[in-house]
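Chemist: the sequence isn't on hand, but the structure is:
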């Protein structure tokens, strides 16, 4: 499944005010997953540390395929994305703090993914992003949004590990990524885990998340 037949371009943002929760890992792997499925993909790097841009540079240096990657350092993502033509999917790698950039990214988005490590402390930290999404929904009726487990220890489950904290949010909880060497290796080499051999479990996680995203976006589009 892919998103090529759906217009206009579908925009997915990966947002969380905390650093080090795997935003760039999820964003880059999703960008490659959609690209490998035949979609025309653009990756938007809004983070000051430029992890997504560094990933793309590593891809070019190593002769790997990567989607066009643009850096946006001002909160004008929602103004610039509609000017991009010829893309099926845009993936936004978010900043590590709640800011006007998050507001802009949410305005631009059809789907907001909020990566969360499976602990109550990490779930509590996403409250501000959830509030921004809720505010936008009150005005515009969207975007869709979901909490996505990130960097989970194999065998743990976000819904089980932080069930009490999750009750505060009326968002679906999706399985995402576990702590695996494959993600770090792929990031450093400018690839997605789908491009690497011997990364079967990580590949299954990315494929499952990609399918879940497509189901969510196509369901919203058909309503």
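Modeler: Thanks, I have the structure now. In this text the structure is predicted, and so the values were computed from the model without any measurement.
Chemist: run through who's touching the helix ranked longest in the chain.
Modeler: Identified as the longest helix of the chain according to DSSP state H is helix 200-222. Contact with helix 200-222 is made by 1-3, 6, 10, 12, 26, 29-30, 33-34, 37, 110-111, 113, 142, 144, 146, 148, 174-178, 180, 182-183, 186, 192-194, as judged by CB atoms under 8 Å, 6 or more residues apart in numbering. Bear in mind the C-beta positions are built from the backbone N, C-alpha and C, glycine included.
Chemist: what do you get for stretch 148-160?
Modeler: 21-22, 25-26, 113-118, 123, 147, 166, 173-179, 209.
Chemist: quick one: mean pLDDT for the helix or strand containing residue 13?
Modeler: Using DSSP states H and E, residue 13 sits in strand 10-14. Mean pLDDT, computed over strand 10-14, is 98.
Chemist: spatially nearest residue to residue 115, not counting backbone neighbours?
Modeler: Spatial nearest neighbour of residue 115, excluding adjacent residues (CB to CB, 6 or more residues apart in numbering): residue 150 at 3.6 Å.
Chemist: can you list the strands that the strand holding residue 13 pairs with?
Modeler: Sheet pairing of strand 10-14 (DSSP bridges) gives strand 89-93 (parallel), strand 111-116 (parallel).
Chemist: ranking these by burial, who's on top?
Modeler: Of all the strands paired with strand 10-14, strand 89-93 has the most neighbours on average by mean count of other CB atoms under 10 Å, namely a mean of 28.
Chemist: after that strand, which helix or strand is next?
Modeler: Strand 89-93 is succeeded, C-terminally, by helix 100-108 (DSSP H and E).
Chemist: list the buried residues of that following helix.
Modeler: Going by neighbour count (16 or more other CB atoms under 10 Å), the buried part of helix 100-108 is 101-108.
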